[in-house]
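Trainee: below are the sequence and a predicted model; questions follow.
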Amino acid sequence: MISFLLAERNRLLRLSAASSRQVLTLNRAAQDEMKQWGSLIDRFAKELDSFKLACKYCGLPLSRESVNTFCRFNKGYSTTTNPKAREYGAEGSNLHHFEPIGPQKPKRVMQPSRGGQPAIDRA
């Protein structure tokens, strides 16, 4: 009877050790996969940042509301004296010209008024 109990104990210990090795292997694989997902998310966030745009003249971020509005600071030339002003967003066209947001700061920062529309230059 004692030899049977010792044999059963040894079998269960081997089974437990094998099970522990499998759990460790699965934990390592799960950690590696989590690291890969983390780096993928970081890369995706950087890609999304590259699509952020702001007006080159006033710094207004591109949004549904701002895309077709006039720029308060893109003035200076009339369309008759500057033929390029007819182009969308060209200097003097009174329109926003959206560019990728880079490390440089926009020329002017606009604060929203009470109605949510850009109001005054706070530069």
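Mentor: All right, it came through fine.

Trainee: what about residue 6, which SS state?
Mentor: Following DSSP: H, G, I helix; E, B strand; the rest coil, residue 6 is assigned to helix.

Trainee: likewise residue 99?
Mentor: Strictly by three-state DSSP, residue 99 counts as strand.

Trainee: how many other residues sit next to it?
Mentor: 14 (other CB atoms under 10 Å). In short, each C-beta sits where N, CA and C put it, glycine included.

Trainee: just checking, it touches residue 51?
Mentor: No - counting by CB atoms under 8 Å, residue 99 stays clear of residue 51, with 11.8 Å between them.

Trainee: now do the helices in the protein.
Mentor: Here the chain has its helices, by DSSP state H, at 2-49.

Trainee: pLDDT weak spots in it?
Mentor: 76-89, 102-123 (pLDDT under 70).

Trainee: okay, now residue 96: neighbour count?
Mentor: Neighbours of residue 96 (other CB under 10 Å): 25.
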